[in-house]
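Got a predicted model here, sequence first, then my questions.
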Amino acid sequence: KLEYKATYGHQSAYDGGSGLIDADYAQASGKLIWQTYNVGAEYMLMGSNGSGTYGFQTPLATKHAFNGWAEMFLTTPPAGLETVDAFAGATLFDVTALAKYYSFRSDYGDKKYGDECDFSLSYKFSGHLQAGVEYADYHADGFGASTQAGWMFAKVTY
């Protein structure tokens, strides 16, 4: 099975907002699924304006899911953010494993920000209970500080 999607948006000044607000958003992804295995890649641009002073903002979004689990990019940098990631995952015996690799660059000036590797293992105890561990390893190369983070989680659904 092949899953794919593409999205585009533009952010501009509204009702007297700053004239600096002028940036594009684009996302394209594809995922190949075979039985309980999957691989895929994604490109996401949270663009910058023409002078590199405003990056596309999504203040109500959950960026943890899209720009790396180390959460270095909770606010889009003024020069924008271009993200390319590749991932592979599988579910065997109610254990789900996921590995992701990210490459981050600026939109304005095309400067390297860094790379990140994320890993996750989770176990589904029942139809309602899942628990797991996640680990993120961001290697700074011009943006922020190198960061490693890990945590455990539990999810209950009804």
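Noted; the coordinates are in hand. Since this is a predicted model, take the numbers as computed values, not measurements. Numbering: from 1, shown residues only.

what separates stretch 94-105 from the chain centre, distance-wise?
10 Å (C-alpha atoms, centre = their mean, to the nearest Å).

in the protein, which spans are strands?
Assigned by DSSP state E, the strands in the chain fall at 2-12, 22-34, 37-46, 81-92, 95-105, 112-124, 129-140, 147-156.

got those strands as TSV, with distance to residue 60 columns?
Every C-beta, even on glycine, is put in place using the N, C-alpha and C of the backbone. TSV is the format used below for the strands of the chain (distance: least, C-beta to C-beta, whole Å):
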stretch	distance to residue 60
strand 2-12	13
strand 22-34	14
strand 37-46	14
strand 81-92	17
strand 95-105	22
strand 112-124	23
strand 129-140	22
strand 147-156	22
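
could I get those strands as CSV with mean neighbour count?
Formatted as CSV, the entries for the strands of the chain read as follows, by neighbours: other C-beta atoms under 10 Å:
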stretch, mean neighbour count
strand 2-12, 11
strand 22-34, 16
strand 37-46, 17
strand 81-92, 17
strand 95-105, 18
strand 112-124, 18
strand 129-140, 17
strand 147-156, 11
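
Tabulate those (CSV), appending distance to residue 68 and mean pLDDT.
Compiled in CSV, the strands of the chain are given as follows (distance: least, C-beta to C-beta, whole Å; pLDDT from 0 to 100):
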stretch, distance to residue 68, mean pLDDT
strand 2-12, 19, 97
strand 22-34, 15, 97
strand 37-46, 11, 98
strand 81-92, 8, 97
strand 95-105, 5, 98
strand 112-124, 4, 97
strand 129-140, 6, 97
strand 147-156, 9, 96
